[in-house]
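Colleague: can't give you the sequence, but here's the structure:
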């Protein structure tokens, strides 16, 4: 049996040939080939990137958001019970009408308005009060109520007919039901918006009465002191009060007589006394 042996030349220099190892040469060739392939891949990738147009970042974000929305499954708070005859579930906004309305919390206790509803039919009254509470909630107005007020009863006794049944009588009764809502901690414009909306969507047979509470300064404003012609008039002091009354008015003359009484003059300052004397001398000058 013959065996062939591959000769290896190590440390020999035959015919000008250097020593080599076949294994090392193959490894070096593989490493160099991988480097060349990586360089070629980088060059081709850079060329392809130059050819592909750049997409704006907004479009990329929008596409990413749309891809996420496809995997999104919203949670349902209520059961998907189908309505008989419609074969579809009741919407959440419609189902909330069967529950009590939400209310905003009263924080400061600043009363702004009292809304009073009156009606002869309690069903329409309760329905409209429920609607007003929902409007106040969505406008951000803290509201309390509806508070039931005493029922007003009115009775009439009349004859049944003027001729045949004149001796027999019958009674009639009318009941007025009242509810009151109180609005707190809100701006005047928001309250006006609330009142305008419930007026626009009013219910037949329900009357609305509003008591507004507005904060104003104690000192008289400039607008109240100005006359229609544009001239300003003074409203403070005795002279301002007397100027408001006409000299021909008997009440004005009586007031002047009382102010000249010593029982009043001893409590006046010198400036007020001079004003009273000046006002008392005006009619004499005219005469």
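Modeller: Right, received. Where do you want to start? Predicted, not measured: the structure shown is a model, and the values here were computed from it.
Colleague: So, low pLDDT: which residues of the stretch 101-250 of the chain?
Modeller: Within the stretch 101-250 of the chain, the ranges that satisfy pLDDT under 70 run 219-249.
Colleague: so which strand or helix has residue 69?
Modeller: helix 57-70 (DSSP states H and E).
Colleague: now that helix: mean pLDDT?
Modeller: Mean per-residue pLDDT for helix 57-70: 78.
Colleague: How far off centre is it?
Modeller: Distance of helix 57-70 from the chain centroid (C-alpha atoms, centre = their mean, to the nearest Å) equals 33 Å.
Colleague: start at 23 instead
Modeller: From this message on, residue numbering opens at 23, which makes the last subject helix 79-92.
Colleague: Which strands and helices lie in contact with that helix?
Modeller: On a contact count with 3 or more C-beta pairs under 8 Å, 6 or more residues apart in numbering; DSSP states H and E, helix 79-92 meets no helix or strand. To be clear about C-beta, it is placed using only N, CA and C from the backbone, and glycine gets the same treatment.
Colleague: Tell me the spacing between residue 229 and residue 142.
Modeller: 10 Å (C-beta to C-beta, to the nearest Å).
Colleague: how about the strands in the stretch 73-222 of the chain?
Modeller: 133-141, 165-181, 191-206 (DSSP state E, counting those that start in this stretch).
Colleague: Tell me which of those is the most buried.
Modeller: Mean neighbours per residue, mean count of other C-beta atoms under 10 Å, is largest over the strands of the stretch 73-222 of the chain for strand 133-141, with a mean of 20.
Colleague: neighbouring strands for that strand, and are they parallel or not?
Modeller: strand 191-206 (antiparallel), strand 228-234 (antiparallel) (DSSP bridges).
Colleague: that older thread, looking at the strands of the stretch 73-222 of the chain, which is nearest to residue 68?
Modeller: Proximity to residue 68, assessed across these by C-beta to C-beta, is greatest for strand 165-181 (68.0 Å).
Colleague: Partner strands of that closest one, with direction?
Modeller: strand 191-206 (antiparallel).
Colleague: Hmm, residue 206 and residue 213 touching each other?
Modeller: No - with contact defined as C-beta atoms under 8 Å, residue 213 does not reach residue 206; the gap is 10.3 Å.
Colleague: can you list residues touching both of those two?
Modeller: 134, 163 (C-beta atoms under 8 Å, 6 or more residues apart in numbering).
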